[in-house]
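Colleague: Sharing a model prediction with you, sequence too.
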Amino acid sequence: MRINTPDGFKLDTIFLRGKNSQKGILFAHGMTVAKEDEGIFIRAQQKLNSLGFSTLMFDFRTHGKSSGDSTDDFTISGELIDLETAVQFMKKQGIKWLGLAGASFGGSISALYAGQNPSMIQKLFLANPVLDYNTAFLHPTNVWALKTFDNFSGKLKHFGFIEVASRKFKVGKRLFDEMPKYFPYKELSNYKKPLIIVQGDNDEKVNIPSSRNDRNPLEGI
């Protein structure tokens, strides 16, 4: 099915109702991929449904089967609207207890949302989350990002976009303009409920140093 955001985007979703209709889990995928591409979430969804949880997987705007042009419409503020739309959809389905799982860039959106709306999310799971846009994109600290986003301002000025990953997903200027305004690791410090962060020590795209630094309140995790 598709659900509509307040600002006019259509989000492609998969909603599966569990036997315990009052408990649900939302899944937020990463940049360039779609809801079906996060293998860890596909496996978790199946297990959670078998345990009676309702689940909602959705494509963020400009990703997968959802509407929007990534060059112009892929923004942090836009994805926060998408996640809020998904949360409100779950509430309308009678979900009173809601957990949130986010991966990679979707982890950053989940961290921002949970920090800004701690009463809405009862448990939070983050897989290889982008918690600092500065070290992940603007002044990257890992090899993949250094190669992909090197001289990003020059590329944006010349081409109008940057192509990311093998899918050549186009990222535009609006996303980079927003990054200095958002701090996922700061917002996450406001979330006091159960939290699990899973991060591989050989991740080439989101490394541990980008999540742990001297400005990051999660350094001890």
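Modeller: It's in.
Colleague: quick one: the closest residue to residue 14 other than its chain neighbours and residue 86, what's the gap?
Modeller: Of all residues beyond its chain neighbours, the one nearest residue 14 is residue 57 (4.7 Å), with distances taken as Cβ to Cβ, 6 or more residues apart in numbering. In this view, the C-beta of every residue, glycine as well, is placed from N, C-alpha and C. Per Cβ to Cβ, to the nearest Å, residue 57 is found 9 Å from residue 86.
Colleague: helix or strand for the spatially most central residue of the chain, which one?
Modeller: The centroid of the chain falls nearest to residue 106 when counting by Cα atoms, centre = their mean (1.0 Å). Element membership of residue 106 [criterion: DSSP states H and E] is helix 105-116.
Colleague: tell me which residues form a beta bridge with residue 127?
Modeller: Beta-bridge pairing for residue 127 (DSSP bridges): residue 103, residue 198.
Colleague: Neighbours of it, how many?
Modeller: The tally of other residues near residue 127 (other Cβ atoms under 10 Å) stands at 23.
Colleague: got a list of what it touches?
Modeller: 40, 101, 102, 103, 104, 107, 197, 198, 199 (Cβ atoms under 8 Å, 6 or more residues apart in numbering).
Colleague: Residue 162 too?
Modeller: Residue 162 neighbours (Cβ under 8 Å, 6+ apart): 148, 149, 152, 155, 156, 170, 171.
Colleague: if we go to 7 Å?
Modeller: 149, 152, 155, 156, 171 (Cβ atoms under 7 Å, 6 or more residues apart in numbering).
Colleague: Below-threshold pLDDT in this structure: ranges please.
Modeller: The chain contains residues with pLDDT under 70 at 20, 202-221.
Colleague: Which parts of it are helices?
Modeller: Here the chain has its helices, by DSSP state H, at 39-50, 70-73, 76-92, 105-116, 133, 143-148, 152-159, 173-178, 184-188, 208-211.
Colleague: Now for the residue lying closest to residue 91 once chain neighbours are set aside, how many residues are close by?
Modeller: Once flanking residues are discounted, residue 91 sits nearest to residue 98: 7.9 Å by Cβ to Cβ, 6+ apart. Counted with other Cβ under 10 Å, the neighbours of residue 98 add up to 20.
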